[in-house]
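> mind looking at a prediction? Sequence and model below.
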Amino acid sequence: MHIWEKFTIFAKNLTLHFMEQSEDCAPLWELNPIWDTLTEQQKATLNNQIEVVHYNKNDVIHYDGDSSLYMWTLISGKVRIYKEGIGQRQQIIRLLKPYDIFGYRAVIAGEPYNSSASAFEPCVAYRLNADYFNQLIRENGNFCYAIMLMMAKDLAISEIRTVNLTQKHIRGRLAEALISLIDKYGLETDGKTLAMLLPREDLANMSNMTTSNAIRTLSQFADEELIEVDGRHIRILNREELEHISRMG
């Protein structure tokens with residue numbers, strides 16, 4: 001078979017794969033109420049504008065400094081938003097769960113992305129081009145207001161996190177990271193194990209500390225019977241005390 005014919009068959013199969021995946025995904029307005037502010041006509045047009053994209057574990061979705069061509073709504077999986085500092089050390093800014101929206105601030109501002117996004121695990125997302133997203137904001141006041149509220153909440157969280165990462169001691173920062181993981185991803189069916197297998201390096205990057213300090217502090221928490229560690233599995237034994245440590249800093 002000629003190589004062009006092989007490529008054509010591959011392209012057709014790939015297209016069918018994405019179409020099948022798209023049909024399996026719920027409409028955007030059923031995933032996040034922000035999109036339910038659109039009119040019926042806008043929703044119909046939106047279906048022709050969005051595309052379903054797939055990312056493997058550790059795939060970079062966008063880099064810091066890339067042109068802001070798209071914004072995303074996560075359908076499944078987990079995503080990290082991070083900045084890269086001196087020595088290529090990452091500082092995790094936010095963790096995303098299904099139905100969260102990201103990449104939208106840079107799109108609205110018409111600026112390059114000021115952080116990077118990558119997949120913690122295999123992910124599926126809706127991707128919408130910047131021009132149509134901005135068009136919806138201009139045309140629909142309710143949608144614009146919903147986006148503004150979301151941006152305001154994200155800014156408030158970012159400000160609090162910045163203060164905490166710079167003023168809290170190591171124990172307070174790690175306790176806060178563990179609490180935020182519980183709030184973001186929840187617990188397994190046993191009611192104790194974090195529903196998130198986080199490498200020690202990523203936990204350190206969340207807490208603005210070295211990996212060795214994260215490992216050492218986790219061991220201290222385990223010795224104090226606040227948590228139980230089994231590889232990447234972390235069981236929360238005393239959330240109240242972790243919250244106390246986080247508050248005290």
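Received the coordinates, thanks.
> helices of this protein, start to end?
For the chain, the helices defined by DSSP state H cover 3-24, 28-31, 40-49, 104-109, 130-139, 141-167, 170-185, 200-207, 211-223, 239-248.
> what comes up buried for the third one?
When you say that, I think you mean helix 40-49. Residues of helix 40-49 classed as buried by neighbour count (16 or more other C-beta atoms under 10 Å): 42, 46, 49. The C-beta positions use only the backbone N, C-alpha and C, and glycine is treated the same way.
> pull that helix out as PDB, backbone CA atoms only.
Provided in PDB are the C-alpha atoms of helix 40-49 (Å, rounded to 0.1, in the frame of the first residue of the first chain):
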ATOM      1  CA  GLU A  40     -29.700  28.100  23.000                       C
ATOM      2  CA  GLN A  41     -28.400  29.500  19.700                       C
ATOM      3  CA  GLN A  42     -25.000  30.100  21.300                       C
ATOM      4  CA  LYS A  43     -25.000  26.500  22.700                       C
ATOM      5  CA  ALA A  44     -25.700  25.100  19.200                       C
ATOM      6  CA  THR A  45     -22.900  27.200  17.700                       C
ATOM      7  CA  LEU A  46     -20.600  26.200  20.500                       C
ATOM      8  CA  ASN A  47     -21.000  22.500  19.600                       C
ATOM      9  CA  ASN A  48     -19.400  23.300  16.200                       C
ATOM     10  CA  GLN A  49     -16.600  25.300  17.800                       C
END
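> let's have the buried residues of helix 40-49 in TSV, adding distance to A195 and pLDDT.
As requested, the buried residues of helix 40-49 are exported to TSV (distance: C-beta to C-beta, whole Å; pLDDT from 0 to 100):
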residue	distance to A195	pLDDT
Q42	35	96
L46	31	94
Q49	33	94
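> quick one: which of the helices of the chain is nearest I86?
Closest to I86 of the helices of the chain, according to C-beta to C-beta: helix 200-207, at 13.3 Å.
> the closest one versus helix 141-167: what angle between them?
Angle, helix 200-207 to helix 141-167, by axes from the mean of the first three to the mean of the last three C-alpha atoms, to 10 degrees: 100 degrees.
> give the rounded mean pLDDT of helix 200-207.
Taken as a whole, helix 200-207 has an average pLDDT of 89.
> can you dump the C-alpha coordinates of it into PDB?
As requested, the backbone C-alpha atoms of helix 200-207 are provided in PDB (Å, rounded to 0.1, in the frame of the first residue of the first chain):
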ATOM      1  CA  ARG A 200       6.900  13.400  46.400                       C
ATOM      2  CA  GLU A 201       8.500  15.900  44.000                       C
ATOM      3  CA  ASP A 202       5.000  17.300  43.100                       C
ATOM      4  CA  LEU A 203       4.000  17.500  46.700                       C
ATOM      5  CA  ALA A 204       7.200  19.400  47.400                       C
ATOM      6  CA  ASN A 205       6.400  21.700  44.400                       C
ATOM      7  CA  MET A 206       3.000  22.400  45.800                       C
ATOM      8  CA  SER A 207       4.500  23.300  49.200                       C
END
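> contacts for it next, please.
Helix 200-207 is contacted from outside by 80, 82, 89-92, 95, 120, 165, 170, 173-174, 176-177, 180, 198, 210-211, 213-215, 218, using C-beta atoms under 8 Å, 6 or more residues apart in numbering.
> could you redo the last one with a cut-off of 7 Å?
With C-beta atoms under 7 Å, 6 or more residues apart in numbering as the test, helix 200-207 has contacts from 82, 90-92, 173-174, 177, 210-211, 213-215.
> hmm, which of those is lowest in pLDDT?
Q90 (81).
> that one contacts I81, correct?
No - counting by C-beta atoms under 7 Å, I81 is not a contact partner of Q90; they are 10.4 Å apart.
> between the two, which one's more packed in?
I81 (21 against 17; other C-beta atoms under 10 Å).
> residues in contact with that one?
Here I81 is in contact with 93-94, 96, 102, 115, 117 (C-beta under 7 Å, 6+ apart).
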